[in-house]
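Student: Sequence and predicted model, in that order:
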Amino acid sequence: MPIRNRFSDMHDEITGWRRHLHAHPELMFDVENTAAYVVERLHEFGITDITTGIGRTGVVAVIEGKSNNSGKVIGLRADMDALPIEEITGLDYASTVPGKMHACGHDGHTSMLLGAAKYLAETRNFDGKVVLIFQPAEEGGGGGKVMCDDGMMDRWGIQEVYGMHNAPGIPVGKFATRAGALLGSADQFEIVITGRGGHAAEPHRNIDTNLAAAHVMVALQSIAARNVDPLAQAVVSVCTFRSDTESFNVIPQTVLLRGTVRTLDKEVRDLAQERVTAIVEKTAEAYGATAVVDYQRGYPITLNHEDNAGYACDAAAAVVGEANVDRNCAPIMPAEDFSYMLEERPGAYMFIGNGDSAMCHHPAYDFDDDALPLGCSWFAEIVERRMPAR
């Protein structure tokens, strides 16, 4: 079935929701106004089974089908939070909050799930229950994990879970995903290298921490180049290099390095952690310095379940045609805390085209409103295909 007429009729309304959310961004778990806006819309749709405060500020709502003989329960998830970025779009609905903007399209994700909710509440043309998940703190806060830790999956009996993210560079009207690893894990490290500071004119009297740190930074690149199978993938990026002095003639006592490690395989993830620690400690030692590594694991690899990735693609093909669905797209290294939900239940994550827009996390980014009816249709199609009315 192509884009549903109901969503075409609702396009202006859904666009209005999206632009309201875009103009009023909130960060991390502090999405109280966004969550209240979502709850207000859900009440307007006649949905009464609504629970707030899951995962601190998340919203969970339930829509029952015309029947519930199947006993099936499907979760649909959208993220609500924005980013600490100053918007430069100049749009008439641009952010009204200095230093905050919806630079990743979560305003669009929330609006698409709201549009699907309105349609599903009107038609209820399915046999089972839909659990709507409006999640805070995807941008670094791990809101998906916090909602799961609150017992969301068991409390609402969710059996399968699906989510979606817009994708700049993929044309509007196209979908893409793959079975298996779709997005990378996101681990981070902090390294403190200590030497012996002193006068830059007498380096022989010191232990040069800058020199040790520079060699550590270069040596870390050997992990992806020489430790990881060339057919696998890994990224090790040092993003901060800071000493305890800004002088022109002082060799610092300590240097701080911070960075991230991204992988698409659990064994490679373990290997990368092991090699970061060993390389940092031994390289620093070779230059007479000492190093302390604080390695923290973040979001897991986003692993689509094979059958569910197929269901997600089938639903997309019903909306836009098989020719417009990439069933085996290349994985990417950004991370996503929907991965925690996929660790607890079978499901899949789908990309929806956002056209030739600025990339996500860019101050000129904006969600393409032409994608709204497509995303709404995909959510609805998943529900009606997985829980057909009898």
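Tutor: Okay, I see it. Numbers count the residues shown, from 1 in each chain.
Student: What segments of the stretch 101-250 of the chain are strands?
Tutor: Using DSSP state E, counting those that start in this stretch, the strands of the stretch 101-250 of the chain run over 129-135, 160-167, 175-176, 180-183, 187-194, 198-199, 234-243, 250-251.
Student: Quick one: these as a markdown table, columns for distance to Gly53, mean neighbour count and mean pLDDT too.
Tutor: Where you see a C-beta, it was placed from the backbone N, CA and C, and this is true even at glycine. Shown next, in a markdown table, are those (distance: least, Cβ to Cβ, whole Å; neighbours: other Cβ atoms under 10 Å; pLDDT from 0 to 100):
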| stretch | distance to Gly53 | mean neighbour count | mean pLDDT |
| --- | --- | --- | --- |
| strand 129-135 | 12 | 27 | 98 |
| strand 160-167 | 20 | 26 | 98 |
| strand 175-176 | 33 | 23 | 98 |
| strand 180-183 | 28 | 21 | 97 |
| strand 187-194 | 29 | 20 | 98 |
| strand 198-199 | 55 | 14 | 94 |
| strand 234-243 | 34 | 16 | 96 |
| strand 250-251 | 52 | 19 | 94 |
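Student: could you redo those strands as JSON lines and give each row distance to Gly105?
Tutor: Formatted as JSON lines, the strands of the stretch 101-250 of the chain follow (distance: least, Cβ to Cβ, whole Å):
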{"stretch": "strand 129-135", "distance to Gly105": "14"}
{"stretch": "strand 160-167", "distance to Gly105": "4"}
{"stretch": "strand 175-176", "distance to Gly105": "15"}
{"stretch": "strand 180-183", "distance to Gly105": "15"}
{"stretch": "strand 187-194", "distance to Gly105": "24"}
{"stretch": "strand 198-199", "distance to Gly105": "51"}
{"stretch": "strand 234-243", "distance to Gly105": "23"}
{"stretch": "strand 250-251", "distance to Gly105": "46"}
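Student: Select, out of these, the one closest to Leu372.
Tutor: strand 160-167 (10.2 Å; Cβ to Cβ).
Student: partners of that closest one, with directions?
Tutor: strand 73-79 (parallel), strand 347-353 (parallel) (DSSP bridges).
Student: so which of those strands comes closest to Ala213?
Tutor: Nearest to Ala213, of the strands paired with strand 160-167 and by Cβ to Cβ, is strand 73-79 at 36.2 Å.
Student: Give me the phi and psi angles of Val59.
Tutor: Backbone torsions of Val59, given as degrees, to the nearest 10, read phi -120, psi 130.
Student: residues contacting it?
Tutor: 35, 38-39, 42, 50-52, 132-134 (Cβ atoms under 8 Å, 6 or more residues apart in numbering).
Student: Three-state assignment for the nearest residue to Gly108 once chain neighbours are set aside, please.
Tutor: In space, and not counting its chain neighbours, Gly108 is closest to Phe367: 3.5 Å by Cβ to Cβ, 6 or more residues apart in numbering. Secondary structure state of Phe367, per DSSP: H, G, I helix; E, B strand; the rest coil, is coil.
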